[in-house]
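Colleague: Let's see this in three dimensions:
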Amino acid sequence: MIDIKFLRENPEAVRENIRKKFQNEKLPLVDEVIENDKKAREAQNEADQIRAEKKKISRQIGALMAQGKKEEAMALKEQVGDNSRLEELDKIQKEASEIVRRDMLTIPNIIDPSVPIGKDDSENVELQRFGEPKVPDFEIPYHVDIMNRFNGVDFDAAGRVAGNGFYYLKGDIARLHSAVLSYARDFMIGKGFEYTIPPFMIRSAVVDGVMSFAEMDAMMYKIEGEDLYLIGTSEHSMIGGFIDQIVPEAQLPKTLTSYSPCFRKEKGAHGIEERGVYRIHQFEKQEMIVICKPEESMDWYEKLWRYTVELFRSMDIPVRQLECCSGDLADLKVKSCDVEAWSPRQKKYFEVGSCSNLGDAQARRLRIRIKGEDGKLYLAHTLNNTVVASPRMLIALLENNLRADGSVAIPKSLQPYMGGQTELIPKN
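Modeller: Here you go, the predicted structure:
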C-alpha cells in the first residue's frame, strides 16, 4: 500500500506505475481515491468544527447556570443537543474512508526504476548464471519415476487420505528431504540469522497486511468458522509477528530464518512438468526475512538472493537469477527476482526460490514502525526470500546428482545430515 500523501501529490506518477504493471483497469481508482479522500477530510474538518463549537457553547452554558441565568442556558442547551449534522458527517466520513482504504489496498506499490517493463513472466529477464548446466549422456527419468526407484513416494495412499495434490515421502527420499531442510536451517544460522518456528495459522488482519486480495484468493485456505488462515509461506506469520510494533533503530536489522509447512490452493490447470511434487497443496520451506531501515533494503535484497545461490551451488546444482518484470510483480513488491535451478531432464531452468523487496508496503499495512535515535517514528522496510522449498528442491537435487546406474550421489554438504551416506542405491 502506497502513502496516501504521495498519491495526493503525485497522482500521475501513480497512474504511470499502474500502466507499467499493465493494470489499466485500476486507473479509475486513483481519481476515486482523490475524490473520496477529499470528501472524508472535508467531512472530518466540518465535524471537528461543530464539536469545537459545541464545547464552546457547553462552557457558556456552565457559566450561565453558575450566574443563575437558567433560561438562557436552556436555550443554548437545545442548540447543543441537535446532533443530526454530526451524525450525517460521521456517516459521510466513514463511507468515504472505507472506499479510500479499499482502493489503496488494490492500487499496486511503486516499483523500483530498475525493474524491467513487461506484461507477464514470459518477459522476465535472465541476469546471470552460476554453475555450468549439463545434460548427461543417459536418459534422466521424470522425478516421480526416480523417487519410485527408491520406494520414496506414494501418491495413491495420499489420494485416499487427502485427495490430489498431496503425497507421502518415504525412506531415503523422506530422509533426503529432511536433510535439505536441516542443512538450509544451519546454513542461514551460519549467516547470522535467528532461527524461528512461527505459527502456521494467521488472522485476517495479518493476511490483509502481508498480501494482496488476488494473492489471498488464489493461495489461502480459510479455517471454517474461525478468523484463521493456513499460511502459504512462513513470511506471512513472521512479518505478522511485528504488527503494531515500534522497533528501536538500534535493534535493526532484524534477520530471521524460519521453518514451516506451507499450504496453498494452487488454483488453475498446470502442465505435465508441474505434476508430481512440483506444484502441490502442502510442502515445507526454510525462509529468510529481513526488517530494516529503508536505506538498507536494496543492499539486503542483493545479499538475500545470493545466499540462495550459494546454498544451491554447495549442493552441485547450477542456478540462474531471473529478474521479474513489472507485470509479473505482485502488487506489494518493489523489486523481485527468482532463483531457478537447472533441470537436465527438461534442459531448462525452473523456479526454486523467490526474493522480494516490499519496501514499506507491508509495514504500512501492519503499522510496523522504527523509532530513530531522535525519537521520530518512520516505517520499516521488509524483505523475504526462499532459502529452500522442499520437495521441489528434491527435483533439482535428484536430477543433477543422478548417475547412469540409477544411484544418486549425495553432495558433501548433505552427508552429515544423512548419517554419513554418500549415495542412494535404488531398491527397484
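Colleague: Rank the helices and strands of this protein by mean pLDDT and give me the bottom one.
Modeller: helix 70-81 (a mean of 67; mean pLDDT, DSSP states H and E).
Colleague: Contacts for the next helix or strand after it, please.
Modeller: Of the helices and strands lying after helix 70-81 in sequence (DSSP states H and E), the nearest is helix 84-106. Outside helix 84-106, the residues that touch it by C-beta atoms under 8 Å, 6 or more residues apart in numbering are 1-2, 4, 7, 26, 29, 32-33, 36-37, 39-40, 43-44, 46-47, 50-51, 208, 212-213, 331, 365. For the C-beta atoms, the positions are set from N, CA and C on the backbone; glycine is no exception.
Colleague: Ok, stretch 23-30 next?
Modeller: Here stretch 23-30 has contacts from Leu7, Pro11, Val14, Arg15, Ile18, Arg19, Asp103, Thr106, Ile107, Pro108, using C-beta under 8 Å, 6+ apart.
Colleague: same thing but at 7 Å, please
Modeller: With contacts defined as C-beta atoms under 7 Å, 6 or more residues apart in numbering, stretch 23-30 is touched by Leu7, Pro11, Val14, Arg15, Ile18, Asp103, Thr106, Ile107, Pro108.
Colleague: just stretch 416-426 next, same as before
Modeller: 149-150, 172, 175-176, 179, 182-183, 406-410, 415.
Colleague: Among these, which lie within strands?
Modeller: Among the contacts of stretch 416-426, DSSP state E puts Val408, Ala409 in strands.
Colleague: For burial, what's the neighbour tally of the residue nearest to Val387 when sequence neighbours are not counted?
Modeller: Spatial nearest neighbour of Val387, excluding adjacent residues (C-beta to C-beta, 6 or more residues apart in numbering): Gln286 at 4.0 Å. Gln286 has 26 neighbours, counted by other C-beta atoms under 10 Å.
Colleague: for Gln286, helix, strand, or coil?
Modeller: strand (DSSP: H, G, I helix; E, B strand; the rest coil).
Colleague: Adding neighbour count and pLDDT as columns, could you present the contacts of stretch 23-30 in CSV?
Modeller: Output for those, formatted as CSV (neighbours: other C-beta atoms under 10 Å; pLDDT from 0 to 100):
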residue, neighbour count, pLDDT
Leu7, 22, 97
Pro11, 14, 97
Val14, 23, 98
Arg15, 19, 98
Ile18, 19, 98
Asp103, 20, 95
Thr106, 16, 94
Ile107, 22, 96
Pro108, 22, 95
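Colleague: And the furthest pair within the residues you listed?
Modeller: Pro11 and Thr106 (15.4 Å; C-beta to C-beta).
Colleague: hmm, back to that, would you mind putting the contacts of stretch 23-30 into CSV with distance to Gly276 alongside?
Modeller: Formatted as CSV, these follow (distance: C-beta to C-beta, whole Å):
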residue, distance to Gly276
Leu7, 45
Pro11, 48
Val14, 42
Arg15, 43
Ile18, 38
Asp103, 41
Thr106, 35
Ile107, 38
Pro108, 33
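Colleague: Of the residues you listed, just say which sits nearest to Val115.
Modeller: For the contacts of stretch 23-30, the closest approach to Val115 (C-beta to C-beta) belongs to Pro108, at 11.6 Å.
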